[in-house]
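Sequence first, then the predicted structure:
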Amino acid sequence: MTIPYKNSDKSKKEQVAGMFNNIAHKYDFLNHVLSLGIDTIWRNRAIREMKKNQPKIILDVATGTGDFAIAAARKLTPDLIIGIDISHNMLEIGKQKVSKKQLDDCIQMQYGDCESLPFPDNYFDASTTGFGVRNFENLHKGLQEMVRVLKPGACAYILEFSMPHVFPVKQLYALYFKYILPTIGRIFSKDTSAYTYLYDSVQAFPYGEAFAQQARNAGFSNTKCLPFSFGITTLYVCKK
């Protein structure tokens with residue numbers, strides 16, 4: 001299991017929460033700068049997929065500071081989006097963003113554990129997760145919980161980093177993620193482990209068909225894999 005702080009005796013869940021609490025104040029800046037703004041394009045492409053089903057009640061798992069929820073609220077005009085996360089500091093920043101954008105009537109941000117979702121069965125029309133599932137302590141349990149709270153026929157839209165295979169994208173990607181990104185992250189966030197963990201967690205995460213099989217094992221009936229940007233990121237559309 002890949003963890004942020006190798007010398008800590010805390011669980012992965014506790015370490016991930018602590019890591020995001022540590023970097024919350026710089027997270028949005030670093031996220032957009034280090035991805036060169038492409039993360040916004042990836043989320044918008046995911047939302048275009050969601051629009052086909054016009055979901056009205058949406059769960060945003062590992063919402064962080066709420067970028068996915070905010071983009072979905074603006075483009076899909078749902079009745080309700082609930083964003084959950086285990087980092088209190090990220091949620092506080094997310095709540096400020098939601099209020100500033102006057103989306104309080106649509107988006108609720110609350111503390112919640114992805115492996116024990118505080119919602120009834122068959123409740124949501126869709127769920128989203130942006131670059132969060134690789135942080136789950138128990139991936140199978142987290143996916144099972146998504147299946148449980150989704151209505152029959154509803155989809156989970158999961159964006160996650162994957163590994164490109166095309167030359168020279170593969171080589172440049174490895175260089176950037178392994179050396180350049182952690183260095184910039186350390187300078188601005190002051191957390192020496194957070195952006196090293198990003199590379200390690202992406203390397204260890206099952207992607208493509210391997211993740212699709214995990215989704216099926218957890219109870220999804222079908223999973224469609226849509227690689228973006230030469231495979232740097234993949235959108236998984238997992239149907240219950």
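Noted; the coordinates are in hand.

lowest average confidence, helix or strand, in the protein?
When each helix and strand of the chain is scored by mean pLDDT, DSSP states H and E, helix 181-189 comes last, with a mean of 79.

for that one, which positions count as buried?
Residues of helix 181-189 classed as buried by neighbour count (16 or more other Cβ atoms under 10 Å): 181-182, 185, 189. All C-beta spots, glycine's among them, are computed from the backbone N, C-alpha and C.

same deal with stretch 22-29?
For stretch 22-29, a neighbour-count test (16+ other Cβ under 10 Å) marks 22-24, 26-28 as buried.

swap in stretch 63-78?
For stretch 63-78, burial by neighbour count (16+ other Cβ under 10 Å) applies to 63-73, 76, 78.

which one among the residues you listed gets closest to Ala46?
Nearest to Ala46 out of the buried residues of stretch 63-78 is Phe68 (Cβ to Cβ; 7.8 Å).

The closest one touches Trp42, doesn't it?
No: using Cβ atoms under 8 Å as the test, Phe68 is too far from Trp42 to be in contact (9.9 Å).

Now list whatever residues contact both of these two.
Residues touching both Phe68 and Trp42 (Cβ atoms under 8 Å, 6 or more residues apart in numbering): Leu159.

want to try JSON lines for the buried residues of stretch 63-78, with secondary structure and pLDDT as columns?
Below are the buried residues of stretch 63-78 laid out as JSON lines (DSSP: H, G, I helix; E, B strand; the rest coil; pLDDT from 0 to 100):
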{"residue": "Thr63", "secondary structure": "coil", "pLDDT": "98"}
{"residue": "Gly64", "secondary structure": "coil", "pLDDT": "96"}
{"residue": "Thr65", "secondary structure": "coil", "pLDDT": "97"}
{"residue": "Gly66", "secondary structure": "coil", "pLDDT": "97"}
{"residue": "Asp67", "secondary structure": "helix", "pLDDT": "96"}
{"residue": "Phe68", "secondary structure": "helix", "pLDDT": "97"}
{"residue": "Ala69", "secondary structure": "helix", "pLDDT": "98"}
{"residue": "Ile70", "secondary structure": "helix", "pLDDT": "98"}
{"residue": "Ala71", "secondary structure": "helix", "pLDDT": "97"}
{"residue": "Ala72", "secondary structure": "helix", "pLDDT": "98"}
{"residue": "Ala73", "secondary structure": "helix", "pLDDT": "98"}
{"residue": "Leu76", "secondary structure": "helix", "pLDDT": "97"}
{"residue": "Pro78", "secondary structure": "coil", "pLDDT": "97"}
